[in-house]
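A.B. asks: model the following, please.
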Amino acid sequence: MEQYGFYVNTDICTGCKACMTACFDRNDLEVPNKFRKVYEFGGGEWQADGTGAFVSTAFTYYVSMTCGHCDEPACVANCPTGAMSKDEETGIVSNDHSVCIGCMTCEESCPYGHPTQLADGLSHKCVLCSDENAEGIPDPVCARACPVRAIEFGKIADLRAAHGEENAIGELTNETGPNVVFGLHRDAGKGGTLRNPLEVSHEA
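C.D. replies: All right, here's what the predicted structure looks like:
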């Protein structure tokens, strides 16, 4: 299997959401549906230092994330009709709309809440823009749209060889083996809590 995935350099991501907007436009989505989300994590505070000045321990960083096309996708394991499947050649997780019943068990079981229900009442999700080119997988629009080149697409083995194997950050876990590599932000070690929960939910 030539598993594909993403490298996301959170140390240079500015949170501009160009990736999310490009994906939104390319897939003709409507609010509140999203295939790619930009999570904002932050923590710390401003504290008086006793001399009349304030010292900041506040920090913020952004993480762009879409479907992890996981090694052990919870959506595939929990889909009651077998509509969700993982391609044996590319590792892409997709759904068969001729079998999907729109129960959204996939979204409920996904640790990233990724699949989303569109106007047809069925589950839809990122397929790495593979439906764009029958001859092969192009660079997805999210990677092409990033103005600071914080997103890199390719074979996950190559991305891990180049950038390491970190696939969890902030509150985003690696329990299902997502095929993503995160370049950790300088403040990622401080943890941080999700600051934009409504924005990254399926309700906004």
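A.B. asks: hmm, residue 190 is touching residue 59, no?
C.D. replies: Yes - using C-beta atoms under 8 Å, residue 190 is in contact with residue 59, at 6.0 Å. From N, CA and C alone the C-beta is placed, and that goes for glycine too.
A.B. asks: what touches both of these two?
C.D. replies: 43, 44 (C-beta atoms under 8 Å, 6 or more residues apart in numbering).
A.B. asks: bridge partners for the residue nearest in space to the middle of the chain, pull those for me.
C.D. replies: Centroid check for the chain by C-alpha atoms, centre = their mean gives residue 65 as the closest residue, at 1.8 Å. Taking DSSP bridges as the rule, residue 65 bridges to residue 37.
A.B. asks: quick one: residues contacting it.
C.D. replies: Residues in contact with residue 65 (C-beta under 8 Å, 6+ apart) are 8, 36, 37, 38, 39, 112, 172, 180.
A.B. asks: closest to residue 102 out of these?
C.D. replies: Of all the contacts of residue 65, residue 112 has the smallest distance to residue 102: 19.2 Å, by C-beta to C-beta.
A.B. asks: neighbours of residue 52, how many?
C.D. replies: Here the number of neighbours of residue 52 (other C-beta atoms under 10 Å) works out to 6.
A.B. asks: just the terminal-to-terminal distance for stretch 97-116.
C.D. replies: End-to-end distance for stretch 97-116, by C-alpha to C-alpha, to the nearest Å: 13 Å.
A.B. asks: ditto for stretch 24-32
C.D. replies: End-to-end for stretch 24-32, by C-alpha to C-alpha: 10 Å.
A.B. asks: list the buried ones in it?
C.D. replies: In terms of neighbour count (16 or more other C-beta atoms under 10 Å), stretch 24-32 has its buried residues at 24, 26, 27, 29.
A.B. asks: same check, this time on stretch 58-65
C.D. replies: Under 16+ other C-beta under 10 Å, the buried positions of stretch 58-65 are 59, 61, 62, 63, 64, 65.
A.B. asks: same thing with stretch 145-163?
C.D. replies: Within stretch 145-163, the residues scored as buried using 16+ other C-beta under 10 Å are 145, 146, 150, 151, 152, 153, 154, 155, 156, 159, 160.
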